[in-house]
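Enquirer: Structure for this input, please:
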Amino acid sequence: MLADEYLEEQASQLLQEALLVRTQDISFENGLSGIGYTVLYLLENGFIETEFEDVFGKQALTICQQIGRQQKQCEETGKRSLYPAIYFLHHYSKWTNKPEIRELEDKLFRRMSEELLQQASRTNASAEEMAHWLVLFKQYLSLSLYCRKLSLQPGEWMSLYAYAHACESQEHMYYIDYAIRKVAEQAFIDDLQVQARSHLEISVSKFEWQNSTLAAQVDFLFRPLHELPYRQKAEEMQMCFSDADAEYWEDYLTTHIPASTFYAGYQHGVSRLILWAVNDATGRKRNDVLRPL
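Expert: Numbers count the residues shown, from 1 in each chain. Next comes the predicted model:
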């Protein structure tokens with residue numbers, strides 16, 4: 001499947017362990033919805049052959065029941081921890097074609113957009129609240145583009161985008177500018193597209209690779225890579241890491257990409273490309289950098 005015996009063995013063992021785990025954690029990063037998403041991905045792409053309901057039916061029921069209960073709670077932290085589960089619900093609803101699953105997905109999207117619009121209308125938010133809002137907005141954009149759910153009105157998109165820029169966060173704005181441009185293109189919102197293109201050009205011209213966080217670097221790489229063929233992606237990555245020292249980058253990646261955030265990079269293949277580029281640029285054997293992780 002992967003043309004690499006070591007990775008195939010590790011992937012198989014990890015999948016078996018994940019399916020046997022006993023937990024009530026339904027989070028995407030560390031819990032059941034992330035495991036369910038992975039199983040569905042493997043099934044959809046023909047990497048495994050099994051019946052989803054046989055291997056994950058009970059866990060899927062647990063996820064849906066907990067989301068149904070928890071989304072009625074008022075605690076902000078409780079609500080936000082549910083949102084990434086939309087990735088699982090989106091695939092699960094397509095796999096099963098059950099309207100109740102699609103309804104859960106739609107409810108979470110509505111709750112998320114209501115929370116974003118509510119704070120964007122405030123004038124007295126603290127710096128901490130703005131920082132949390134930006135992370136949530138970035139997550140909402142990623143989910144909206146991934147699931148192709150662009151249900152907000154043009155005025156609402158404009159309002160959220162204006163508030164994002166008012167928050168003045170260089171770390172998140174590069175991705176937000178790019179994602180908003182994609183939203184505007186897909187939703188045919190001309191004014192928003194013009195704004196986003198203008199902001200994005202400024203962001204590109206001012207981007208400082210060496211002084212940016214790893215999250216900002218991955219966002220910067222994601223923009224052009226997303227639209228390029230695989231071979232061109234590889235060439236772009238090679239340019240970024242042509243002078244990389246293997247031991248330095250191995251330590252850097254291990255430190256800056258903890259297990260709880262790997263899924264975000266792997267969703268678009270960026271983390272895998274980074275690791276491949278480090279190997280290729282330094283002449284190390286394939287997957288040597290992966291093993292310590």
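Enquirer: any weak-confidence spans in the chain?
Expert: 1-4, 6-7, 10, 71-80, 209-210, 213-293 (pLDDT under 70).
Enquirer: Would you map the strands across it?
Expert: For the chain, strands defined by DSSP state E do not occur.
Enquirer: Now for S205, how many residues are close by?
Expert: The tally of other residues near S205 (other CB atoms under 10 Å) stands at 7. C-betas here are computed from N, CA, C, even on glycine.
Enquirer: scratch that, S12 is what I was asking about
Expert: Neighbour count of S12, defined by other CB under 10 Å: 12.
Enquirer: residue boundaries of the helices in the stretch 1-150 of the chain?
Expert: 5-20, 32-44, 52-70, 76-80, 86-96, 99-120, 127-147 (DSSP state H, counting those that start in this stretch).
Enquirer: To I176, which of those lies closest?
Expert: Of all the helices of the stretch 1-150 of the chain, helix 127-147 sits nearest to I176, with 6.0 Å by CB to CB.
Enquirer: Which positions in that closest one come out as buried?
Expert: For helix 127-147, the neighbour count (16 or more other CB atoms under 10 Å) marks 130, 132-134, 136-144, 147 as buried.
Enquirer: Just put these in a markdown table and tack on distance to R22.
Expert: Shown next, in a markdown table, are the buried residues of helix 127-147 (distance: CB to CB, whole Å):
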| residue | distance to R22 |
| --- | --- |
| M130 | 39 |
| H132 | 32 |
| W133 | 35 |
| L134 | 36 |
| L136 | 30 |
| F137 | 35 |
| K138 | 33 |
| Q139 | 28 |
| Y140 | 32 |
| L141 | 34 |
| S142 | 30 |
| L143 | 28 |
| S144 | 33 |
| C147 | 29 |
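Enquirer: Leaving out sequence neighbours, find the closest residue to E105.
Expert: If the residues on either side of it in the chain are set aside, E105 comes closest to L89, at 4.1 Å by CB to CB, 6 or more residues apart in numbering.
Enquirer: Fine, thanks again, bye for now.
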